[in-house]
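S.K.: sharing a model prediction with you, sequence too.
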Amino acid sequence: MVDKPINFSGHARFEMKRRGISQALAEATIRAPGQVVPSVKGRDIYQSLIGRLGRLLLRVIVKEDENAYHVVTVYKTSRIKKYWSES
């Protein structure tokens, strides 16, 4: 359970609007991700299967510090096999 605030960068807000992704969906993915994958620059990628029959993958790129989760960007993709880790 996420007990820290979730802050969205201006870039993340712009891209979510452009891509038709709600803030509520991004927050739900951070609170209950299907997976968390380490990324570059100390970031983590919170991802969950979404859409009809789970045919899309929502990826939320997050930089966490002691006070909050900072959302860098958010996108959805159909390339689940490329990003979903089976290990």
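M.R.: Noted; the coordinates are in hand.
S.K.: low-confidence ranges, the protein, go.
M.R.: By pLDDT under 70, the weakly predicted segments of the chain are 1-2, 87.
S.K.: please enumerate the helices of it.
M.R.: 10-19, 23-31, 80-83 (DSSP state H).
S.K.: give the bridge partners for the residue nearest to the spatial centre of the chain, please.
M.R.: Among the residues of the chain, the one closest to the centroid is Val60, at 1.5 Å (CA atoms, centre = their mean). Beta-bridge partners for Val60, by DSSP bridges, are Tyr46, Val74.
S.K.: how close does the closest residue to Val37 other than its chain neighbours get to Val62?
M.R.: Sequence neighbours aside, Ile45 is the residue nearest to Val37 in space, at 4.5 Å (criterion: CB to CB, 6 or more residues apart in numbering). (C-beta placed from N, C-alpha, C; glycine too.) Separation of Ile45 from Val62 (CB to CB, to the nearest Å): 7 Å.
S.K.: between these two, which is the more surrounded one?
M.R.: Of the pair Ile45 and Val62, Val62 is the one with more neighbours under other CB atoms under 10 Å, namely 24 against 18.
S.K.: so the more buried one touches Ile30, yeah?
M.R.: Yes - with contact defined as CB atoms under 8 Å, Val62 counts as touching Ile30 (6.5 Å).
S.K.: okay, and the common contacts of the two?
M.R.: Shared contacts of Val62 and Ile30 (CB atoms under 8 Å, 6 or more residues apart in numbering): 46, 69, 71.
S.K.: now the residues you listed in CSV, with neighbour count and distance to Ser9?
M.R.: Converted to CSV, the shared contacts of Val62 and Ile30 look like this (neighbours: other CB atoms under 10 Å; distance: CB to CB, whole Å):
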residue, neighbour count, distance to Ser9
Tyr46, 25, 15
Tyr69, 20, 11
Val71, 25, 6
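S.K.: pick the one among those residues closest to Phe14.
M.R.: For the shared contacts of Val62 and Ile30, the residue nearest Phe14 by CB to CB is Val71; the value is 11.7 Å.
S.K.: right, and that closest one touches Ala12 too?
M.R.: Yes - counting by CB under 8 Å, Ala12 is a contact partner of Val71 at 4.5 Å.
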